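Q: can't give you the sequence, but here's the structure:
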């Protein structure tokens, strides 16, 4: 070669970006090491990557106008430990930023505003090729509702603007690989989503993934959040390395877990509003709360859930080590919602059939169960059946929060009044009016309230009964006015 090409640094660059082309690897090195002098040309980088493929250090992922490569397990191990450690840190933070840039979501309102968490989930529904259907197709294919699609890392360096929601160049179906055949070739012709497979797809060292699973608690930060009804709830949020791993599990592995149609929590197109709509104008509405729901879901329960759904034993054990904290499912981890939704699939299926046979409506929003219908006795019987069904999972209901309300009094489902229409309570709407009024008469203070007011307005809009009301248009006008008052 005309210029010296440092093999380990070139593979480091590929490991950070993967999948990437020779042109992108060269651009990355030039961006990160601007003082390194003149680099070999693109053709020489392409030749180098082909040579590395011949010794099984890289695998070709796709060929368009040029080839795109990812590191194999041998290629990752070829990097010295200090360089591999730098690659892991660099890539983990870039994956975090990439996923944030493409994961379009609206939580409408904060955790405790409606008494449940979150208020809604309107996550983007596609990734991969479907994300690129406005232009030339790229990596990937269509995925199920609620999954994220991640823009490739190279855009953060070549455009220098970071990932954006308009990016059309997304990661392949397994992040670093197009399919299981490629992943097998990269892993010595065997593959499953164990520590090695998870690390290989993420482009992180399998040893790092394993080490994190052994020291879960050191990769969480815990903080209290005030509950609407008093007291606090402990939120355990994973730190960057574990969060990226859990995001990957959510978007590329756990999405195949079945979730019953009666479940409205943490799902695309579902919310506390859709949950409440199922119970409006009922003679009786029963509500049940599962006691310490997340805290009762143990590693053993997760392994059982995964093996029931055809995950290999090594996959189930690895995933079950990467999702809990102190042996139980934490509130605040990305993987907790999908696991909690899927865990009670058989219970949800049974209860839906039981309630349908009795002319009742059944829904579940995380740990909140609602059953409504014309006869109190039927609802009470259904609650007893539910209590017996969840006991098989080591769960029990909170007797103090179990209630059946007649339509002559206020009926609520996940904090939403359902007597006539599904809508926030009158007291809450009065509080909202006061907030918007205060913001409109004091624009200086109101400008600082724009994020909060926008969240409240988004929350109100998820209710069909609220969407055409005059106050909604008025609130929107107030926010527009406040935005016009912002100074640069």
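A: Sure, I can see it. In this text, all values refer to a predicted model and were calculated from it rather than measured experimentally.

Q: In the host helix or strand of residue 353, which of the residues would be classed as buried?
A: If you go by DSSP states H and E, residue 353 is part of helix 345-357. For helix 345-357, burial by neighbour count (16 or more other C-beta atoms under 10 Å) applies to 345, 347-348, 350-352, 354-355. Quick note: C-beta positions are derived from backbone N, CA and C, even for glycine.

Q: Show me what the helix or strand residue 8 falls within packs onto, helices and strands only.
A: Using DSSP H and E, residue 8 maps to helix 7-17. In terms of contacts (3 or more C-beta pairs under 8 Å, 6 or more residues apart in numbering; DSSP states H and E), helix 7-17 is packed against helix 22-32, helix 42-54, strand 67-71, helix 73-78, helix 81-102.

Q: and that helix with helix 81-102, angle?
A: On the basis of axes from the mean of the first three to the mean of the last three C-alpha atoms, to 10 degrees, helix 7-17 is oriented at 30 degrees to helix 81-102.

Q: now the angle from helix 7-17 to helix 22-32?
A: Here helix 7-17 runs at an angle of 100 degrees relative to helix 22-32 (the same axes, to 10 degrees).

Q: could you check the angle helix 42-54 makes with helix 7-17?
A: 90 degrees.

Q: among the helices and strands of this structure, which has the poorest mean pLDDT?
A: Ranking every helix and strand in the chain by mean pLDDT, DSSP states H and E puts strand 120-121 at the bottom, with a mean of 43.

Q: quick one on the thing from earlier: quick one: mean pLDDT over the helix holding residue 353.
A: The average pLDDT within helix 345-357 is 98.

Q: same deal with stretch 411-421?
A: Here the average pLDDT along stretch 411-421 is 96.

Q: If you count neighbours, what's buried in it?
A: Quick answer for stretch 411-421 (16+ other C-beta under 10 Å): 411-419.

Q: Count the neighbours of the closest residue to residue 309 other than its chain neighbours for me.
A: Counting by C-beta to C-beta, 6 or more residues apart in numbering, residue 257 is the residue found nearest to residue 309 once chain neighbours are left out, at 5.7 Å. Residue 257 has 17 neighbours, counted by other C-beta atoms under 10 Å.

Q: Is residue 257 in contact with residue 337, as I believe?
A: No: with contacts counted by C-beta atoms under 8 Å, residue 257 stays clear of residue 337, the gap being 11.1 Å.

Q: show me where the protein has strands.
A: Taking DSSP state E to define them, one finds strands in the chain at 20-21, 58-63, 67-71, 120-121, 220-226, 232-238, 270-271, 284-289, 361-365, 368-373, 403-406, 412-413, 416-417.

Q: okay if I get those as CSV plus distance to residue 202?
A: Formatted as CSV, the strands of the chain follow (distance: least, C-beta to C-beta, whole Å):
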stretch, distance to residue 202
strand 20-21, 15
strand 58-63, 14
strand 67-71, 11
strand 120-121, 24
strand 220-226, 19
strand 232-238, 14
strand 270-271, 29
strand 284-289, 37
strand 361-365, 31
strand 368-373, 34
strand 403-406, 46
strand 412-413, 39
strand 416-417, 39
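
Q: Between the ones you listed, which one is closest to residue 100.
A: Across those, residue 100 has its closest neighbour in strand 232-238 (14.2 Å, C-beta to C-beta).

Q: and the helix holding residue 353 with strand 368-373, angle?
A: When the same axes, to 10 degrees is applied, the directions of helix 345-357 and strand 368-373 differ by 20 degrees.

Q: sorry, back to before: deepest-packed of the helices and strands packed on helix 7-17, please.
A: Between the helices and strands packed on helix 7-17, strand 67-71 has the highest mean count of neighbours, a mean of 25, where neighbours are mean count of other C-beta atoms under 10 Å.

Q: model confidence over that one, on average?
A: 96.

Q: what packs against it?
A: Checking 3+ C-beta pairs under 8 Å, 6+ apart, strand 67-71 ends up next to helix 7-17, strand 20-21, helix 42-54, strand 58-63, helix 180-186.

Q: what sits against the closest residue in space to residue 343 that isn't next to it in sequence?
A: Spatial nearest neighbour of residue 343, excluding adjacent residues (C-beta to C-beta, 6+ apart): residue 305 at 5.5 Å. Going by C-beta atoms under 8 Å, 6 or more residues apart in numbering, residue 305 touches 257, 339, 342-343.

Q: what would the residues you listed look like in JSON lines with distance to residue 470?
A: Shown next, in JSON lines, are these (distance: C-beta to C-beta, whole Å):
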{"residue": "257", "distance to residue 470": "43"}
{"residue": "339", "distance to residue 470": "42"}
{"residue": "342", "distance to residue 470": "42"}
{"residue": "343", "distance to residue 470": "43"}
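
Q: Please narrow the residues you listed to those residing in helices.
A: Judged by DSSP state H, the contacts of residue 305 include 339, 342-343 as members of helices.

Q: hang on, the earlier thing: next one: the residue nearest to residue 343 relative to residue 265, how far apart?
A: 16 Å (C-beta to C-beta, to the nearest Å).

Q: what do you get for residue 324?
A: With C-beta to C-beta as the criterion, residue 324 and residue 265 are 19 Å apart.

Q: which residue is nearest the centroid of this structure?
A: Central residue of the chain (C-alpha atoms, centre = their mean): residue 334, 5.1 Å from the mean position.

Q: you'd agree that one is up against residue 246?
A: Yes: the criterion here is C-beta under 8 Å, and residue 334 meets it with residue 246 at 4.3 Å.

Q: who touches both of the two?
A: residue 238.

Q: Please name the residues that touch the closest residue to residue 254 other than its chain neighbours.
A: Closest residue to residue 254 apart from its sequence neighbours, by C-beta to C-beta, 6+ apart: residue 338 at 5.1 Å. Counting by C-beta under 8 Å, 6+ apart, residue 338 makes contact with 250, 254-255, 257, 259, 266.

Q: before we move on, what about residue 287?
A: 368-370, 401-405, 412-413.

Q: what number of residues lie near the closest residue to residue 90 other than its chain neighbours?
A: Sequence neighbours aside, residue 16 is the residue nearest to residue 90 in space, at 5.1 Å (criterion: C-beta to C-beta, 6+ apart). Neighbours of residue 16 under the rule other C-beta under 10 Å: 24.

Q: Can you check the pLDDT for residue 173?
A: As predicted, residue 173 sits at a pLDDT of 84.
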